[in-house]
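**Student:** Dropping a prediction and its sequence here:
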Amino acid sequence: MYDLLKDLRIVEGSAFVAAPLGGMTLAQLGADVIRFDPVGGGLDYKRWPVTEQGQSLYWSGLNKGKRSIAIDLRSPEGKELAVSLITGDAPNAGIFLTNFPQSDWLDYTALKKRRDDLIMVQVQGTPDGGSAVDYTINSATGIPYATGPADDPAPVNHMFPAWDALTGINAALAVVVAERQRRLTGSGQLIRLALSDIAFSMVGNLGHIAEAQINGAERQAIGNRLYGAFGHNFKTRDGHEIMLVAITHRQWRNLVTASQLEQEFNKIETERGLKLDREGDRYQTTDSIIGLLEPWCARYDLAELASIFDSHGVCWGPYQTFSELVNHDPRCSDKNPVFSTVLQPGIGEYLMPGSPLRFEAEPRQQVTPAPQLGADTDEILATILGLSAAAIGGLHDRGIIAGITAD
């Protein structure tokens, strides 16, 4: 990890995607992120995908670079330990990232009494604190009705939790911004970040709200076509699927040159009275363009097409399964400095991504795996809260804390 956020300590109480991703983003930039969980693991500790032994690949994927402490959060003693960590008095501490509800002991006002300049970023489902997850927010965005085959009116969900991902990154940004303000003013604050606000804001940023209000238009599903420009999937002679895109003028001209179909495209322009150098005109003639490119692509194997496209600067990409991505794409391998093959305790060695940010002045460091649950309990209590070995032993004896959990 980088040391860009060195000495910044963040306590994380979280589950699922958005909040853990926010903490991991900060950890991979050098922050000391301490995740607290119930003894035995929280709601997402066993979430799929899992190994044959039941170890969650999901949990380890979203908690790389953090430290872990396991506490009985139902007991008064356990709650007090968590609160003491959250409100610790170190200058670069006092930052809490969570998606847990503001209960009595996790209420910002109550925590602020323990540390006046506390920064707390709370991820919520909806602005009023209502329950929601990515999949229920996504269904309300309108996007599922614009996704899927053009001849099927049913909404189609996608498997990627886009709103969780964007919320997680924004949560990390909120921590950095609030911490900078605290350094400038001495004041902490509560920041609430709702999944629905992230989702609906992005729908607006992409013009969909204005399209509905100003144009009175309803976006329809168009399959794998690219709205407003040219883009579609094609099959190669050896049975592979590729995606071709031409958004810019240069991308279109490169595709025309590579395919050697300029005369045929000129004929379309003459017949339709359009200019295919304009992306909107390309969109209007997508059927005709597909009719020319489909048989042309089918004449070549994938390797041949790749050579033709790459030599002409065509914007394209292969469709790949996850296994094909891992086994054949050098961008997802240790040839790419974003990735390293790392030993994850309890699971084994596999490819792990570090921070995708590339700072020219900062050398990349080894990716740090996720901690085992409770792996840092004793060290955190001793070094941060100053508990003696006898006090820590007593907490273990009473089941208030736990070390590494054997599953």
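**Tutor:** Structure's in. What do you need? Computed from a predicted model, the values in this text were never measured in an experiment.
**Student:** At the geometric centre of the protein, which residue sits there?
**Tutor:** Ala165 (3.3 Å; C-alpha atoms, centre = their mean).
**Student:** Show residues contacting stretch 384-396.
**Tutor:** 34, 77, 81, 84-85, 88, 90, 378, 381-382, 401-403 (C-beta atoms under 8 Å, 6 or more residues apart in numbering). For every residue, glycine as well, the C-beta is placed using N, CA and C.
**Student:** Give the closest residue to the residue nearest to the centre of the chain in space, chain neighbours not counted.
**Tutor:** Leu21 (6.5 Å; C-beta to C-beta, 6 or more residues apart in numbering).
**Student:** Leu357 too?
**Tutor:** Leu357 sits nearest to Leu29 (C-beta to C-beta, 6+ apart), 7.3 Å away.
**Student:** Would you confirm that Val133 contacts Ser196?
**Tutor:** No. Assessed by C-beta atoms under 8 Å, Val133 is found out of contact with Ser196, at 10.7 Å.
**Student:** Quick check: which ranges of the protein have low pLDDT?
**Tutor:** 1, 405-407 (pLDDT under 70).
**Student:** sec struct for the residue nearest to Ala210 when sequence neighbours are not counted, please.
**Tutor:** Nearest non-adjacent residue to Ala210, counting by C-beta to C-beta, 6+ apart: Gly204, 7.4 Å away. Assigned by DSSP: H, G, I helix; E, B strand; the rest coil, the conformation of Gly204 is helix.
**Student:** Near Gly204, how many other residues are there?
**Tutor:** Gly204 has 12 neighbouring residues, counting by other C-beta atoms under 10 Å.
**Student:** could we number from 6 for the rest of this?
**Tutor:** I'll keep to 6 as the first residue from here, and by that count the last item is Gly209.
**Student:** re the thing from before, neighbour count winner among Val138 and Ser201?
**Tutor:** Ser201 (20 against 15).
**Student:** quick one, what contacts the more buried one?
**Tutor:** 130-132, 137, 142, 145.
**Student:** 6 Å instead, please
**Tutor:** When contacts are counted by C-beta atoms under 6 Å, 6 or more residues apart in numbering, Ser201 touches 131, 142.
**Student:** my guess is it is in a strand, correct?
**Tutor:** No. Using three-state DSSP, the assignment for Ser201 is helix, not a strand.
**Student:** Against Arg224, how distant is it?
**Tutor:** Distance of Ser201 to Arg224, computed by C-beta to C-beta, to the nearest Å: 19 Å.
**Student:** do you know how far the residue nearest to Ala170 is from Arg242?
**Tutor:** For Leu26, the distance to Arg242 - C-beta to C-beta - is 41 Å.
**Student:** Which of those two has more residues huddled nearby?
**Tutor:** Under the criterion of other C-beta under 10 Å, the comparison of Leu26 against Arg242 puts Leu26 first, with 24 against 13.
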